[in-house]
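A.B. asks: for reference, the sequence and a predicted model appear below.
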Amino acid sequence: MKSLLYISILLITAYNLSAQQVIKGTVTDAGNGQPVDAATVQIRKTGRQLPLTYTLTKADGTFILPLHQADDSLFVHVSLLGYKAIRQKITAGTRLLIRLEPEIFTLKEVEIRPGRVYGQHDTINYDVSQFISPKDEAIKDVLKKLPGVDVDDDGKISYNGKNISKFYVEGMDLTDGRYNQLTNNLQAGAVKSVQILENHQPIRALQKKLTTEDIAINLKLKDNFRDRWMGTLEGSMGIPPPFCGKAWAMPSRSAVKASPPIFIKGTTGETM
């Protein structure tokens, strides 16, 4: 009996260690050895178009990405304008040192548009129009497709394996932590972009004084959805019960100070 318990503990420990694997590395300029800031680092799988996860290098050129599985089909792809893109096989447990070769190119007169994913400083932007499909009804359906973003069965959102601390719409915390109500009901077509806010400091007075490792999400709405109420309503009548219903509503940015979000759910019309 003791031996079985001992084996079980070893198996659980091994599983937890494997689940906590991360890929760490540093990206530098091959010419001068200086760290490269804001380079795009992706974990990709051979034969798969979308990256499994994604981040940008920090000012010192370092990056950290979670590794949920390790096999020979995975590799790191690093790119930045002005450098040759490079791909390198992943070796779990080792620190990657990636040197980018400068690339000389001539700019022509072109129209520059943001891509599917683009970032600046600690903010990563996902263009929803590049990920949405006709089958996506709620924004939760789109969030599940974004590289690095996971949504579990209970609606809890994480980015690169870390749970988000705040969920905003147009920079406002409308849900007080109950964002699964919003993600289940907000129309996917109403959202223009999804922003990942890394090292997020929710207190404005401390934003440039006290850094954190928290992650938040902000939804940017399309212009024609900013000045209108959005929501869903479901209900039924009968005896028993006398009433069974669910309602959700979110006001526009201009009306939010006077009208907070409404969440109603339950057999007796209980407000939550």
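C.D. replies: Perfect, I can see it now. Treat the numbers as computed from the prediction; the structure is a model and nothing was measured. Numbering: from 1, shown residues only.

A.B. asks: so where's this structure shaky on pLDDT?
C.D. replies: Along the chain, the parts satisfying pLDDT under 70 run over 1-20, 92, 104-115, 119-121, 206-209, 227-272.

A.B. asks: that one: helices as residue ranges?
C.D. replies: Taking DSSP state H to define them, one finds helices in the chain at 2-19, 139-143, 179-185.

A.B. asks: please save the CA atoms from the shortest one in PDB.
C.D. replies: Provided in PDB are the C-alpha atoms of helix 139-143 (Å, rounded to 0.1, in the frame of the first residue of the first chain):
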ATOM      1  CA  ILE A 139     -16.500  37.200 -28.100                       C
ATOM      2  CA  LYS A 140     -15.500  34.100 -26.100                       C
ATOM      3  CA  ASP A 141     -15.500  32.100 -29.300                       C
ATOM      4  CA  VAL A 142     -12.900  34.500 -30.800                       C
ATOM      5  CA  LEU A 143     -10.800  34.700 -27.600                       C
END
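
A.B. asks: pretty sure residue 180 sits against residue 155.
C.D. replies: Yes - using Cβ atoms under 8 Å, residue 180 makes contact with residue 155 at a distance of 3.0 Å. Just so you know, the C-beta spots here come from the backbone N, C-alpha and C atoms, and that holds for glycine as well.

A.B. asks: so how far is residue 176 from the residue nearest to residue 183 when sequence neighbours are not counted?
C.D. replies: Computed as Cβ to Cβ, 6 or more residues apart in numbering, the closest residue to residue 183 that is not its neighbour in sequence is residue 140, at 4.1 Å. Distance of residue 140 to residue 176, given as Cβ to Cβ, to the nearest Å: 18 Å.

A.B. asks: between those two, which one's more packed in?
C.D. replies: The neighbour comparison of residue 140 against residue 176 (other Cβ atoms under 10 Å) goes to residue 140, with 19 against 10.

A.B. asks: so the more buried one sits against residue 179, correct?
C.D. replies: No - with contact defined as Cβ under 8 Å, residue 140 does not count as touching residue 179 (9.7 Å).

A.B. asks: quick check: neighbours shared by those two?
C.D. replies: residue 155 (Cβ atoms under 8 Å, 6 or more residues apart in numbering).

A.B. asks: for the closest residue to residue 124 other than its chain neighbours, list the residues it contacts.
C.D. replies: Spatial nearest neighbour of residue 124, chain neighbours left out: residue 196 (4.2 Å); criterion: Cβ to Cβ, 6+ apart. The neighbourhood of residue 196, defined by Cβ under 8 Å, 6+ apart, consists of 123, 124, 125, 126, 148, 149, 159, 215, 216, 217.

A.B. asks: distance of residue 196 from residue 103?
C.D. replies: Distance from residue 196 to residue 103, by Cβ to Cβ: 28 Å.

A.B. asks: cool, residue 87 as well?
C.D. replies: Distance of residue 87 to residue 103, given as Cβ to Cβ: 15 Å.

A.B. asks: how many other residues sit next to residue 42?
C.D. replies: Look at residue 42: counted by other Cβ under 10 Å, it has 20 neighbours.

A.B. asks: I should have written residue 224 there, sorry.
C.D. replies: Around residue 224 there are 8 other residues, counting by other Cβ under 10 Å.

A.B. asks: quick one, what contacts the nearest residue to residue 62 once chain neighbours are set aside?
C.D. replies: Nearest non-adjacent residue to residue 62, counting by Cβ to Cβ, 6+ apart: residue 26, 5.2 Å away. Residue 26 is in contact with 35, 57, 60, 61, 62, 63, 95, 96, 97, 98, counting by Cβ under 8 Å, 6+ apart.

A.B. asks: just name the closest of those to residue 41, please.
C.D. replies: For the contacts of residue 26, the closest approach to residue 41 (Cβ to Cβ) belongs to residue 63, at 4.8 Å.

A.B. asks: compute the number of surrounding residues for the closest one.
C.D. replies: Burial measure for residue 63: 21 neighbouring residues, criterion other Cβ under 10 Å.

A.B. asks: pretty sure it is in contact with residue 27, am I right?
C.D. replies: Yes - at 7.0 Å, residue 63 and residue 27 qualify as touching, with contact defined as Cβ under 8 Å.
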